[in-house]
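In: here is my input; please provide its structure:
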Amino acid sequence: MKKAQNFIKRTIDGEVLLVPLGELAQKLNGLISLHGVAEYIWDHVEETASFEDLVDKLQAEYDVDPQELVRDTEAFVNQMIYLGLLVPDTKQW
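Out: Residues are numbered from 1 along each chain as shown. Here you go, the predicted structure:
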């Protein structure tokens, strides 16, 4: 998985934000706030080779129900792909 190049991560007044750049800033007209696990996913998604690798990495970091983790991670990653923030780079994604 690759992060879109038209966003940068910034921490402003304690809030972690993804800020769109260039033409995308005009289209999106807003910022995306990342909290907790979402920030962890953003920071580590490019280190993983597949969705399963990402879930394993999250499970090692957080003590949560495995089924809930898979469901929530899948929803978040799919939303990020839909918004164009993440781009699948292999069939494993």
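
In: using CSV, write out every CA atom in the least confident helix or strand in the chain by mean pLDDT.
Out: Within the chain, no helix or strand scores below helix 22-28, which has a mean of 77 by mean pLDDT, DSSP states H and E. What follows is helix 22-28 as a C-alpha-only set of coordinates in CSV (Å, rounded to 0.1, in the frame of the first residue of the first chain):
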residue,chain,number,x,y,z
GLY,A,22,-2.3,21.5,-4.7
GLU,A,23,-5.4,20.9,-6.8
LEU,A,24,-6.7,18.3,-4.3
ALA,A,25,-6.9,21.0,-1.6
GLN,A,26,-9.4,22.9,-3.8
LYS,A,27,-11.4,19.7,-4.5
LEU,A,28,-11.4,18.4,-1.0
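
In: residue boundaries of the strands in the chain?
Out: For the chain, the strands defined by DSSP state E occupy 2-3, 7-12, 15-20, 32-34, 86-87.

In: using CSV, lay out those strands together with mean neighbour count, mean pLDDT and distance to W42.
Out: All C-beta atoms are positioned from the backbone trio N, CA, C, and that covers glycine. Below are the strands of the chain laid out as CSV (neighbours: other Cβ atoms under 10 Å; pLDDT from 0 to 100; distance: least, Cβ to Cβ, whole Å):
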stretch, mean neighbour count, mean pLDDT, distance to W42
strand 2-3, 14, 92, 7
strand 7-12, 13, 92, 7
strand 15-20, 17, 93, 7
strand 32-34, 17, 93, 6
strand 86-87, 18, 92, 9
